[in-house]
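Peer 1: Below are the sequence and a predicted model; questions follow.
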Amino acid sequence: MARSRFDICLDEVLRREGGYADHPSDPGGATNLGITHKTLARWRRVSPWWNLPKSAVKDLQRPEAARIYRASYWDRSHAGQLPPGLDLALFDFAVNSGPDRAIRTLQAELGVAADGQIGPLTLDAVETYVRKGGLGSLINRLCNRRLAFLNRLSTFPVFGRGWTARVAAVRAAALATAKASPTSSSQSTNWRSIMDILNGYKTYIVASFMLLAGLAQMLGVDLPALDGNSAGHLVMEALAVLFLRKGLKGDIGRA
């Protein structure tokens, strides 16, 4: 069974997050699998959050962490509605800096109202941006904005090296995914182009078939499916269709 995009992206996130840590300079405090003490307390509905012992953070297991990631970051940022590659870039940004900031940063790049909510307008803007500028360009621009934000933080001298490496790794993984997975919009655009070409030539195809069928009957080839249509009629009808098509195109061109 194919793994979901959430599971694949979560693997990438957890590859950067690691296990339990409680760095005194980290405003998130005790953290395990990327889930902070406060986030876990909220998830377990413990209030105030410091009533949840740090040992609970240390004992956190991946299945519960995955449920928190899906509800609080993946679903919150609507990453599942984004093209492959962009979903990872936004998801990891949301995990690292919060969904609201990640979404607003994406919206700022798209040029839509930065309200922190992914809705139809933002999704339409993503599709338009990808169609005109390419998915890779959007991923790069989002990662650039993310890195610029991190550089402005007071804790960058402490954590900057790790953050920079993380953004670089996520950027590379997201771009590789985007390159390997054409977006549905590009696929539909290609399909529409093919259909337009076929529509433009279908009259000639039908007429050519009629002409060939008429010539085949003249040469004595029996075509049961065309019983009732004489060879002469088929040839004349085919020629009429071809000349009518050519005449219509000329009239339209002169209009």
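Peer 2: Looks like it arrived, so ask away.

Peer 1: Can you tell me which residue is spatially central in this structure?
Peer 2: Pro83 (0.3 Å; Cα atoms, centre = their mean).

Peer 1: Let's test this: mean pLDDT of stretch 181-200, rounded?
Peer 2: Averaging pLDDT along stretch 181-200 yields 45.

Peer 1: I meant stretch 79-94, not that one.
Peer 2: 97.

Peer 1: how near is the residue nearest to the centre of the chain to Leu121?
Peer 2: As judged by Cβ to Cβ, to the nearest Å, Pro83 and Leu121 stand 17 Å apart. For the C-beta atoms, the positions are set from N, CA and C on the backbone; glycine is no exception.

Peer 1: go on, Val112?
Peer 2: 6 Å.

Peer 1: My understanding was that the residue nearest to the centre of the chain contacts Tyr129; is that so?
Peer 2: No - contact criterion Cβ atoms under 8 Å: Pro83 and Tyr129 do not qualify, at 10.3 Å.

Peer 1: Nearest residue to Ala176 in space, please, no chain neighbours.
Peer 2: Gly85 (7.7 Å; Cβ to Cβ, 6 or more residues apart in numbering).

Peer 1: For that neighbour, which residues are in contact?
Peer 2: Applying Cβ atoms under 8 Å, 6 or more residues apart in numbering to Gly85 gives the contacts 135-136, 139, 174-179, 181.

Peer 1: switch to 7 Å and redo it
Peer 2: Shown in contact with Gly85 (Cβ atoms under 7 Å, 6 or more residues apart in numbering): 135, 139, 174-175, 177-178, 181.

Peer 1: Looking at those residues, spot the one nearest Lys54.
Peer 2: Among the contacts of Gly85, Ala174 lies closest to Lys54 (Cβ to Cβ), at 33.2 Å.

Peer 1: buried set for the helix or strand where the closest one lies?
Peer 2: Of the helices and strands defined by DSSP states H and E, Ala174 is found in helix 156-180. Across helix 156-180, burial judged by 16 or more other Cβ atoms under 10 Å covers 163, 166-167, 170-171, 173-175, 177-178.

Peer 1: One more: stretch 119-135?
Peer 2: Using 16+ other Cβ under 10 Å as the test for burial, stretch 119-135 gives 122, 125-126, 129-130, 135.

Peer 1: Need the residues that contact it.
Peer 2: Applying Cβ under 7 Å, 6+ apart, the contact partners of stretch 119-135 are 81-83, 85-86, 107, 110-112, 138, 178, 183, 185.

Peer 1: And the residues you listed, which of them are buried?
Peer 2: Members of the contacts of stretch 119-135 classed as buried by 16+ other Cβ under 10 Å are 82-83, 85-86, 107, 110, 112, 138, 178, 183.

Peer 1: Pro27 and Ser77, how far apart?
Peer 2: From Pro27 to Ser77 the distance is 21 Å (Cβ to Cβ).

Peer 1: out of these two, which sits in the more crowded spot?
Peer 2: Ser77 (25 against 10; other Cβ atoms under 10 Å).

Peer 1: in which helix or strand would I find the more buried one?
Peer 2: Short version, using DSSP H and E: Ser77 is in no helix or strand.

Peer 1: surely it meets Asp92?
Peer 2: No - applying Cβ atoms under 7 Å as the test, Ser77 and Asp92 come out as separate, 10.2 Å apart.

Peer 1: Can you report phi and psi for the residue nearest to the centre of the chain?
Peer 2: Per-residue torsions, Pro83: phi -60, psi 150 (degrees, to the nearest 10).
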